[in-house]
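In: Test case, fold it:
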Amino acid sequence: MIGTLLRINGQIIPNIKTYKVGNNKLWADAERNMNGDVRATFIGVFPKLELEIGGVLTSAIVANLCNLLDQPYFSVTFYDPKTRTNRTAQYYASDYTVELMDKYRELYQPFSVNLIPVSKR
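Out: Numbering: from 1, shown residues only. Okay, the predicted model is just below:
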């Protein structure tokens with residue numbers, strides 16, 4: 001792998017516990033005819049990133065991650081296993097939930113978030 005696994009707006013994302021790249025195909029006008037054959041227009045492959053953020057999640061780490069993920073759109077540089085290179089594209093984040101684990105030490109539970117591409121590969 002080349003360099004870091006994931007950056008959002010140039011910032012390295014720490015504590016990545018699980019990293020999955022989904023090659024999601026998007027189709028338009030999909031339907032089946034009377035013979036059962038599919039007729040559809042292929043739009044493209046959209047590489048969705050499925051992440052679990054874990055390890056020691058302090059309030060500072062969580063606050064920084066929330067600030068990055070709460071933007072409407074952001075630049076993501078990620079390792080693409082298909083090309084074996086780092087790629088950069090515009091993404092947005094799915095809904096996510098942060099859960100407090102220890103109020104006194106200000107530690108948080110691991111959480112999952114998906115990064116969804118704006119454009120096809």
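In: centre of the chain versus the particular helix or strand that has Ala30 in it, how much separation?
Out: Per DSSP states H and E: Ala30 is located in strand 16-32. The chain centre lies 12 Å from the centre of strand 16-32; the measure is Cα atoms, centre = their mean, to the nearest Å.
In: Ok, stretch 35-47 next?
Out: For stretch 35-47, the distance from its own C-alpha centre to the chain's C-alpha centre is 23 Å (Cα atoms, centre = their mean).
In: then that stretch to CSV, C-alphas only?
Out: C-alpha atoms of stretch 35-47 as CSV (Å, rounded to 0.1, in the frame of the first residue of the first chain):
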residue,chain,number,x,y,z
ASN,A,35,-38.7,-13.2,-21.1
GLY,A,36,-37.1,-12.3,-17.8
ASP,A,37,-34.2,-10.4,-19.4
VAL,A,38,-32.9,-7.3,-17.7
ARG,A,39,-32.8,-4.1,-19.6
ALA,A,40,-30.9,-1.3,-17.9
THR,A,41,-28.5,1.6,-18.5
PHE,A,42,-25.2,1.2,-16.7
ILE,A,43,-24.2,4.5,-15.1
GLY,A,44,-20.9,3.4,-13.5
VAL,A,45,-19.1,2.1,-10.5
PHE,A,46,-19.2,4.2,-7.3
PRO,A,47,-16.5,3.1,-4.7
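In: Good, wrapping up.
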